[in-house]
Every structure is written in C-alpha cells, then in structure tokens.
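Engineer: model the following, please.
(one chain, ligands or ions: 1)
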Amino acid sequence: MKIALMGIGKIAVDQHIPAIAASPDWELAATVSRHGTVDDVEAFTDLEQMLATRGDVRVVSLCLPPVPRFAAATAAIKAGRHVMLEKPPGATLSECHSLEILARKQRVSLFATWHSREAAGVAGAKAWLADKTLRKMTVTWKEDVRRWHPGQDWIWQPGGLGVFDPGINALSIVTEILPDPIHVANAVLEVPENCQTPIAASIDFTHPGGAQVHAAFDFRQQGDQIWSITAETDQGTLMLSDGGALLSIDGTQQLDANDRSLTGEYPRLYARMAELVSQGDIDVDLAPMRHVADAFTLGQRVMVDPFVE
Ligand code: NAP
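Structural biologist: Purely as a prediction, here's the structure:
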C-alpha cells in the first residue's frame, strides 16, 4: 500500500522512514513537510495538495507534534484516507473522540499508536502480571530534554505536554500491563516560570486493590537516563527497564539477548496498521491520555527555575 508521511522531523527520520522501508506492506509514496524531504519520494509542503493530487495514496501517517495533528487528521479522513497517529493521538481527549467518530462515518481505519507498548518486554510483563496481586508499582521516567528533544519548542507550549511527552509512553505501558484500572489520586507538576508545560511531575494513583502506584517523570536528568517500571507483587518483583526493552523477574532477565531492544516498535506498529486497513478496523485507546489529562486537572503547580536550552 502506498503511504504518505507528514511531519518529517526527528521521529519520522529515526523510526518511521526506516520502518516503512523495511516493511513488505508499505511503499513511502509522498511526504508532506515544510522543511523535510526524503530522497526519491515526491515531496509536498501542503497536505490538501497531496490529498487532491495523489489519489493512489490511501494511507497517511502523521508525525506532527500533537497540536497541529487534529487539523491534518481531519483533512485526511474527510478525503477518505486511512490515518495513523503518532503518540499522543491529539492535544485533547475530545479531539481524539471526534476523530474516531469521523473515521467511523467515513469508513476509514484510524490507529492511535503507542510505540512503547511494542517494546520487547511489554507483552511478557502483561502476561506475567495477569494472575498476580500487585502491592506496589514504581514508574521512573527521567531523561535529559536537551539530549532527546533538541530545539523542540512545541514541547513547552500549550498542548505540548512537557515531561508528559515521554511520560505518556510510560503510562501507555502501565495501562497495557496492569490488569486493573487505576486513576490519578494526586499530582505535583513542576513548571518552569518561562514555560507552559511541566518539566517534572510526580503522580500517585489509586489502585482498586490498594496497591501503591507512583510515577516520577523528570526532564532534567543528567548522567544515566532512566525509563523503568517496577511491580512488586505477591509472587515476586517484575522490572521493565530501558523503556520496556528489558524484562526481569526477581532479578533474572527474561528475554534473549537478541530480543532486548526497542528496534521492533515501529515495524510492529506499521504491521498493525496494515492489518487494520485490510480488516477495516479502528484502534484508538485513550487510556494513557486520560491519565495525563487528569494529572493536569488535579495537579498542584509549582513554579521552578526557567528552562533555557
Ligand atoms: P519534531 O522533530 O519537532 O518534528 C515534527 C515535525 O512536524 C517538524 O519537523 C515539522 O516539520 C512538522 N510540524 C508541522 N507543524 C508543526 C508545528 N506547528 N510545530 C512544530 N512542527 C511542526 O518532533 P518529533 O520528535 O519528530 O515528534 C513528533 C511527534 O512524535 C510527537 O508527538 C512526539 O511525541 C512523537 N514521538 C517523538 C519521539 C522522539 O524521540 N522524538 C519518539 C516517539 C514519538 P516541517 O517544519 O517540515 O513541517
């Protein structure tokens, strides 16, 4: 199937373009980006023009930041195209609900992707936790924003999510692997005085079985970068680390050395999109975004030092 990629920035270059190139399902037939292009692929700077002139491109994958994504997704769906959304699927929950309703009306596929759910250790973690009693879960997602998000001013603007841009990846794993629903009980959001979004967040969740569930997100991490989830249960302790690439139970690594990576995430997302299109299905799970919205609703704001890149 021919696919167009919109928003040729960091994640498009790092992951989407290689995943599409390696897939037997997809041919990158067009790009839509004001600055970015891909060698030997027809480049547009305007989505409407691409939609009007490339009727052969049936699928559009959107790698834009969250705020401009809704307008682009709406235009593509109205033009009868199947749409794949980078995470988070939009700037607000209501936008995402509207997109899903529109996609059903237009009878096109819509896929709200959560790449971290495709990390190597996540399926095994979900299976192991399914019959355990959770006592405590600690989520630690701490990275250096200067290293991983250079020049991405949109992260600090309304709708850019700040530290929840990576934090929502942790929440996408948590909501996938926990058998029981949790909800935000309280949160503290540290917001630089020159920014609109938090640079750090600390969140406590209510768990139906009374387990302590806590998440700490921080964009100011120096030295070792930490993306880990620890689950203490009645039958041992599970740890997902390196963003879900590593899975250990009671200290024993569960994955073969060859499987311990994140390289399968985007190929699996594109394989799933091919499946959704062939079956005429929609896959939109907004659970990770609900937790972020709740943290913004309930969270106590603490003003901290300005952020200067
Ligand atoms: P990015 O490097 O800033 O690239 C996004 C691209 O979207 C830009 O290059 C820009 O291309 C285009 N764009 C269109 N309208 C824009 C606007 N109003 N503001 C800024 N850019 C606009 O961002 P990214 O890191 O690729 O992230 C894009 C999405 O992927 C985000 O939702 C993010 O959460 C997600 N994601 C990122 C990573 C990562 O490691 N960076 C990992 C997984 C997922 P033109 O100027 O050429 O139009």
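Engineer: burial of Met84, as a residue count?
Structural biologist: Neighbour count of Met84, defined by other Cβ atoms under 10 Å: 27. No exception for glycine: its C-beta is placed from N, CA and C like everyone else's.
Engineer: hey, what's Thr138 bridged with?
Structural biologist: Beta bridges link Thr138 to His214, Thr230 when assigned by DSSP bridges.
Engineer: gap between it and the ligand?
Structural biologist: Per Cβ to the nearest ligand atom, to the nearest Å, Thr138 is found 23 Å from the ligand.
Engineer: wait, isn't that residue in contact with Ile229?
Structural biologist: Yes. Proximity of Thr138 to Ile229 meets the contact threshold set by Cβ atoms under 8 Å, at 7.3 Å.
Engineer: what about those two, which has more around it?
Structural biologist: Using other Cβ under 10 Å as the criterion, Thr138 and Ile229 rank with Ile229 on top: 25 against 15.
Engineer: how far away is the more buried one from the ligand?
Structural biologist: 17 Å.
Engineer: phi, psi of the closest residue to that residue other than its chain neighbours?
Structural biologist: Spatially, and ignoring its direct neighbours in sequence, Ile229 is nearest to Leu240 (4.5 Å; Cβ to Cβ, 6 or more residues apart in numbering). With angles defined as degrees, to the nearest 10, Leu240 sits at phi -100, psi 130.
Engineer: tally of neighbours for Gln254?
Structural biologist: 18.
Engineer: now swap in the one 10 residues further on and tell me
Structural biologist: Gly264 is flanked by 15 other residues according to other Cβ under 10 Å.
Engineer: same question for Asp250.
Structural biologist: Neighbour count of Asp250, defined by other Cβ under 10 Å: 9.
Engineer: and it, what does it touch?
Structural biologist: Asp250 is in contact with 236-237, counting by Cβ atoms under 8 Å, 6 or more residues apart in numbering.
Engineer: Leu238 versus that one, what's the distance?
Structural biologist: 8 Å (Cβ to Cβ, to the nearest Å).
Engineer: could you list the domains of the protein?
Structural biologist: Per automatic domain parsing, the structural domains of the chain span 2-112, 120-257+293-304.
Engineer: where in the stretch 101-250 of the chain is pLDDT low?
Structural biologist: Within the stretch 101-250 of the chain, the set of residues satisfying pLDDT under 70 is empty.
Engineer: can you give me the strands in it?
Structural biologist: Along the stretch 101-250 of the chain, counting by DSSP state E, counting those that start in this stretch, strands occupy 110-112, 134-142, 183-192, 200-206, 212-218, 226-233, 236-241, 246-249.
Engineer: what pairs with the last one, parallel or antiparallel?
Structural biologist: Within its sheet, strand 246-249 is paired with strand 236-241 (antiparallel), strand 252-253 (antiparallel), according to DSSP bridges.
Engineer: buried stuff in the longest one?
Structural biologist: In other words, strand 236-241. For strand 236-241, burial by neighbour count (16 or more other Cβ atoms under 10 Å) applies to 238-241.
Engineer: thanks a lot, catch you later.
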